[in-house]
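# below is the sequence, then the predicted model.
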Amino acid sequence: MDLQGDDLTAAVVASFGDSPSGRYREVMSALVRHLHAFAREVDLTEDEYFTAIDFLTRTGQISTGTRQEFVLLADVLGLSMLTVGLGNRKPPEATQSTVFGPFFVEGSPEVQLGGDISNGAPGQPCLVSGHVLDTKGEPIPQALVETWQADEDGFYDVQKELDGPQNRAHLTTDAEGNYRFWAVKPVAYPIPDDGPVGELLRAGGRGPMRPAHIHFMVTAPGFSRLITHVFVAGDEYLDTDAVFGVKQSLIADFTEHPAGTEAPDGSTPEQPYYTVDYDLVLATTEEAQQ
C-alpha cells in the first residue's frame, strides 16, 4: 500500500489500536502524531534523520549502571522538569520537587542521626539538618531520608574509583521528625559532557554547569514521595542550571563558621565548617491525589 503524509500517520496510529491497554494506545498514538508533525514542521532530511539515529545509538552505548545518558538527555531538554511538574501537583505547603538526576544508587549505607556521610570526600565540612514535616507542620517520625551529592571537586562517588560510597547515605528521622548529618559543602559542577549530551549542549551554545546542591529523596508510609534538591544561595549558576531544576523555594543559606566554634549538634570542629537548616515537607498520598 502506497501510504504518504497524513495517510501514513493514520495507518501507524491505527496499528496500535488492538493493544489491550487504553493508556498504551493513548500514549503511542499521541507520540506518533507529534513525531510525524515534528518531522513535517522542520522538513527533516534523511541526513538529519540518520544523524539523530546515530546520536541516540551512542547515547545508549555510553550509558551504564552508574551513568544514565538518556536521563541526562531528558534533563537538558527540560523533559525531566516538565514531567516533575505534571506528576507532583501538591499543596503549596509541601516542598517542591525537582529532577531526580542520573547519579542515584540503590542500597546506600545507613547512617545514624548526626553521622558523617562524607567518608573522606574532599571538601569543607557541612552540617545538614532540618525536620521532615507534614503540610500542617507536624513532625513525621521514622521517615526515610536518602541523600547524595558531589564533593568539592564536583564529582559524585560513582564517577570515581573508590573503595566505598562518599557523600551518599540514608537515615531515618527521630520522634520529632529531625534529620541531621555531616557531609561536605556542595559546589557547582558540570554535568558529564564528554558524550552525546555534551555535543548537543555545545552545538546549542549552552553550558553544562549545575549550581551547587544536595539531593534528597524522602519517603514515609501514607505520604507522597518527595524527590528534591536544596540549592546553595548565591551560587552563580542558579539562573542558568543546565537541567532547569532550580526553584526559588529550594534555595537555602549555607552559613560559614570559624574553626573551634560549637556547632548546632554540640560538636566543635577543628576546621571552618558550614551549616544549613532546611525543613522537608511531605504531602499525604490523599493530598497528592487531590
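Okay, I see it.
# quick one: the helices in the protein?
For the chain, helices defined by DSSP state H occupy the ranges 5-15, 22-42, 46-62, 69-76, 79-87, 196-203, 285-289.
# so which of these is the most packed in?
helix 69-76 (a mean of 21; mean count of other C-beta atoms under 10 Å). C-beta coordinates here come from the backbone N, C-alpha and C atoms, glycine included.
# quick one: the residue nearest to Glu93 when sequence neighbours are not counted from Asp277, how far?
Distance criterion C-beta to C-beta, 6 or more residues apart in numbering; nearest residue to Glu93, sequence neighbours excluded, is Thr135 at 4.0 Å. Thr135 sits 19 Å away from Asp277, going by C-beta to C-beta, to the nearest Å.
# same check, this time on Thr255
In terms of C-beta to C-beta, Thr255 sits 9 Å off from Asp277.
# the more surrounded of these two?
Per other C-beta atoms under 10 Å, whichever of Thr255 and Asp277 has more neighbours is Asp277, with 16 against 13.
# distance check, that one against Gly222.
Counting by C-beta to C-beta - Asp277 and Gly222 are separated by 25 Å.
# quick one: which of the helices of the chain is nearest Gln149?
Ranking those by proximity to Gln149 (C-beta to C-beta) places helix 69-76 first, at 16.5 Å.
# now do that closest one: distance to the chain's middle.
11 Å (C-alpha atoms, centre = their mean, to the nearest Å).
# I'd like to know which elements it is packed against.
Counting contacts by 3 or more C-beta pairs under 8 Å, 6 or more residues apart in numbering; DSSP states H and E, helix 69-76 packs against helix 46-62, helix 79-87, helix 196-203.
# what is the mean pLDDT for the shortest one?
Looking back up the chat, that one is helix 196-203. Helix 196-203 shows a mean pLDDT of 98.
# so what touches that helix?
55, 58-59, 62, 69, 72-73, 76, 191-193, 207-208, 242 (C-beta atoms under 8 Å, 6 or more residues apart in numbering).
# mind checking how far that helix is from the chain centre?
20 Å.
# between it and helix 69-76, how many degrees?
30 degrees (axes from the mean of the first three to the mean of the last three C-alpha atoms, to 10 degrees).
# output helix 196-203 as CSV, nothing but the C-alphas.
Extracted in CSV, the C-alpha atoms of helix 196-203 (Å, rounded to 0.1, in the frame of the first residue of the first chain):
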residue,chain,number,x,y,z
PRO,A,196,26.4,12.8,23.1
VAL,A,197,24.6,15.2,25.5
GLY,A,198,27.7,17.3,25.7
GLU,A,199,27.8,17.5,21.9
LEU,A,200,24.2,18.7,22.0
LEU,A,201,24.9,21.4,24.5
ARG,A,202,28.0,22.7,22.6
ALA,A,203,26.1,22.7,19.3
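# report the central residue of the chain.
Phe100 (2.4 Å; C-alpha atoms, centre = their mean).
# for the residue nearest to Arg180 when sequence neighbours are not counted, give its distance to Ile227.
Closest residue to Arg180 apart from its sequence neighbours, by C-beta to C-beta, 6+ apart: Ser129 at 4.1 Å. Distance of Ser129 to Ile227, given as C-beta to C-beta: 20 Å.
# what distance do you get for Ala259 to Arg89?
Counting by C-beta to C-beta - Ala259 and Arg89 are separated by 45 Å.
# the two: which has the busier surroundings?
Arg89 (13 against 10).
# below-threshold pLDDT in this protein: ranges please.
By pLDDT under 70, the weakly predicted segments of the chain are 1.
# output the longest strand belonging to it.
With DSSP state E applied, the strand covering the greatest number of residues in the chain is identified as strand 125-134.
# for it, output the C-alpha coordinates as CSV.
Presented in CSV, the C-alpha positions along strand 125-134 are these (Å, rounded to 0.1, in the frame of the first residue of the first chain):
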residue,chain,number,x,y,z
PRO,A,125,32.6,20.0,56.5
CYS,A,126,28.9,20.9,56.4
LEU,A,127,26.2,20.0,58.9
VAL,A,128,22.9,19.5,57.1
SER,A,129,19.8,19.4,59.3
GLY,A,130,16.1,20.1,59.5
HIS,A,131,12.8,18.4,60.1
VAL,A,132,10.6,16.2,57.9
LEU,A,133,7.0,17.6,58.4
ASP,A,134,3.5,17.2,57.1
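# quick one, strands of the stretch 101-250 of the chain?
125-134, 144-148, 168-172, 178-184, 189-190, 209-210, 213-219, 226-232 (DSSP state E, counting those that start in this stretch).
# the third one versus strand 213-219: what angle between them?
When the same axes, to 10 degrees is applied, the directions of strand 168-172 and strand 213-219 differ by 40 degrees.
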